[in-house]
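Colleague: got a sequence here, can you model it:
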Amino acid sequence: MVDKSNRMAIAKELGYPATVFVSRIEGNRIDAQFYSTVAELPMCGHGTVGLVACLSDRGLIDWQQASALELTLALPNGDANVIVSRTFNPEAQNQNTLAMLEVRVADFRDDNIDVNRLCAELGVESK
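Modeller: Residues are numbered from 1 along each chain as shown. Predicted coordinates:
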């Protein structure tokens, strides 16, 4: 298995916004880690969609004759649920894979920003 420092070096050399490494696929559980060019990422939505589509296209997801599955993406900071479905595209004569991430609702806060000061710092006019 490739260790963390090597994964970081590979991600940096590739230069993509995110690179995913899969260490194990067991049933509907996928152990994965995401890296940017500078750090390990806790999660990557776009990377997850690409990962699931790639695994499906390569026959590495066990569909068991189902058209939809729930996968567990095991990440270093916890699990993420991914609902995956597939449909047949008659025009292209192939399968299309759709991945939907189950994410928690964002927490918003009111930081009571001084808009005039912020505009001055950014060098723009406030309205």
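Colleague: quick one: low-confidence parts of the chain?
Modeller: 1, 92, 94 (pLDDT under 70).
Colleague: okay, now Ile83: neighbour count?
Modeller: Neighbourhood size, Ile83 [other Cβ atoms under 10 Å]: 14. The way it works is simple: take the backbone N, C-alpha and C, and place the C-beta from them, glycine included.
Colleague: name whatever forms a beta bridge with it.
Modeller: Ile83 has these beta-bridge partners by DSSP bridges: Glu70, Met100.
Colleague: mind starting the numbering at 37 from now?
Modeller: Understood, numbering begins at 37; the last thing we discussed is Ile119.
Colleague: now do the contacts for the closest residue to Leu134 other than its chain neighbours.
Modeller: Leaving aside its chain neighbours, Leu134 sits nearest to Ser121 (4.9 Å; criterion: Cβ to Cβ, 6 or more residues apart in numbering). Applying Cβ atoms under 8 Å, 6 or more residues apart in numbering, we find Ser121 in contact with 103-105, 133-134.
Colleague: run through the helices of the chain in chain order.
Modeller: 40-50, 81-93, 151-158 (DSSP state H).
Colleague: list the contacts of the first one.
Modeller: Surrounding helix 40-50, the residues in contact under the criterion Cβ under 8 Å, 6+ apart are 38, 54-55, 57, 69, 71-76.
Colleague: let's see that with 7 Å instead.
Modeller: 55, 57, 69, 71-73 (Cβ atoms under 7 Å, 6 or more residues apart in numbering).
Colleague: ditto for stretch 64-77
Modeller: In contact with stretch 64-77 (Cβ under 7 Å, 6+ apart) are residues 43-44, 47-48, 51, 53-60, 79-80, 83, 87, 105-112.
Colleague: kindly check the end-to-end length of stretch 59-74 for me.
Modeller: Stretch 59-74 has its terminal residues 20 Å apart, counting by Cα to Cα, to the nearest Å.
Colleague: ok, now stretch 102-122?
Modeller: Length of stretch 102-122, first residue to last, Cα to Cα: 9 Å.
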